[in-house]
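Novice: Got a sequence here, can you model it:
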Amino acid sequence: MEALPELRVLVLKSNKFDGNMSLPSRSNLPFPKLQVLDISENEFVGSLPQRYFKSFRAMMDVKENQIYRGYDDFGGYLEMRITLKGLDQLLTRLLEAFTTIDLSSNNFSGSIPDSIGNLNSLRYLNLSHNNLMGHIPASLGNISVLESLDLSSNKLDGGIPSELTSLTFLEKLNLSMNNLVGQIPQSTQFSTFENDSYVGNLRLCGFPLTRKCNEKNGQRMQPEEEDDEDDEYGFIDGFGWRSVVMGYGSGIIVGIGIGCCIIRFGRPRWLVEFFFGVGYIYKKKKTRKRATPTQRRT
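Specialist: Presented below is the predicted three-dimensional model:
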């Protein structure tokens, strides 16, 4: 298929294809006009196909003012179902500015190459549910028109590059279920993402997470074991088991004190009669009178 220079859409999703896509080939410039690559939910192995990232000319420097390629037989009557921003969508027209790469749900390993940042006209990138390791490349910040980035369910580590804050068109971000550390970058765009974009990274801190960061090194102020314990036994809105135990302990002490006062002084009357029966106060007074010795008249 690398020998098809006019190929613009390649969708092989939801099959049982396997093999290594990074093996060398005879093509010097494979898939120069490819706009859509979807091989998700297969069994491909090895590292990500870096040589493809260097040759996808249709995903580089696309002029934004040329939206439509034209009403040709291909672009005007194409139908394909792909996943965009986590939702399955049916597309009936291929725009020239539309570009997507979906390599999710395979067995790719190794790191994400810096060369992926050369695809500066890429709109959607999904590398989730693989075995990718290493850092998130800062070169992703070069893809200025990127609208969706999903790197979830991998083994990525290190911090979130501050260069990602330049992605002002980014609407969907999913970095969950990795081993990321440090403070989440702060920007106008990043403030729109919620907790589910970062869940599963126990060493991340900062907004929108409730874990605060140390101002010196950007690391969490609380030990990891304490945070894990709070996550496991915590309750809604930050009320953990420690608060509950303190509340119960205080309540027991106050309750015992009130009970002693009621038994000793017999007040309030209605509460005493409720627990000890009607006439308890009078019996108590009568008992006291009998116990008082009578005085003889002189």
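
Novice: Number of residues surrounding the nearest residue in space to Ser47 that is not next to it in sequence?
Specialist: Nearest non-adjacent residue to Ser47, counting by Cβ to Cβ, 6 or more residues apart in numbering: Gly110, 3.7 Å away. C-beta coordinates here come from the backbone N, C-alpha and C atoms, glycine included. Here the number of neighbours of Gly110 (other Cβ atoms under 10 Å) works out to 15.

Novice: give me every residue that touches Gly110.
Specialist: Gly110 is in contact with 46-48, 132-134, counting by Cβ atoms under 8 Å, 6 or more residues apart in numbering.

Novice: quick one: which of those is most hemmed in?
Specialist: Leu48 (24 neighbours).

Novice: is it true that that residue touches Phe108?
Specialist: Yes: at 5.6 Å, Leu48 counts as touching Phe108 under the criterion of Cβ atoms under 8 Å.

Novice: which residues do the two both contact?
Specialist: 127, 132.

Novice: State the pLDDT value of Leu87.
Specialist: pLDDT recorded at Leu87 is 71.

Novice: Number of residues surrounding it?
Specialist: With other Cβ under 10 Å as criterion, Leu87 counts 8.

Novice: phi, psi of it?
Specialist: phi -120, psi 140 (degrees, to the nearest 10).

Novice: Just list whatever residues bridge to it.
Specialist: When bridges are called by DSSP bridges, Leu87 pairs up with Leu84.

Novice: what about Lys54, neighbour count?
Specialist: 16.

Novice: what's the closest non-adjacent residue to it?
Specialist: Ser115 (5.4 Å).

Novice: and Met177, what is it in contact with?
Specialist: If you count contacts by Cβ under 8 Å, 6+ apart, then Met177 has 152-154, 199-201 around it.

Novice: likewise Gly159?
Specialist: 135, 180-183, 218.

Novice: Can you give me the pLDDT of it?
Specialist: Reported pLDDT for Gly159: 96.

Novice: Then Thr83?
Specialist: Thr83 is given a pLDDT of 73.

Novice: That one reaches Asp102, doesn't it?
Specialist: Yes: at 6.4 Å, Thr83 and Asp102 qualify as touching, with contact defined as Cβ under 8 Å.

Novice: where do the contact lists of these two overlap?
Specialist: 38, 40, 126.

Novice: Take those residues and keep only those in strands.
Specialist: Here DSSP state E is the test, and the shared contacts of Thr83 and Asp102 give 38, 126 as lying in strands.

Novice: out of the shared contacts of Thr83 and Asp102, which are buried?
Specialist: 38, 40, 126 (16 or more other Cβ atoms under 10 Å).

Novice: can you count the residues close to Glu194?
Specialist: 10.

Novice: Which residue is the nearest non-sequential neighbour of it?
Specialist: That would be Pro208: by Cβ to Cβ, 6+ apart, it lies 5.8 Å from Glu194.

Novice: Would you agree the one you found is in contact with Phe193?
Specialist: Yes: in this structure, Pro208 is within contact of Phe193 by Cβ under 8 Å, at 7.0 Å.
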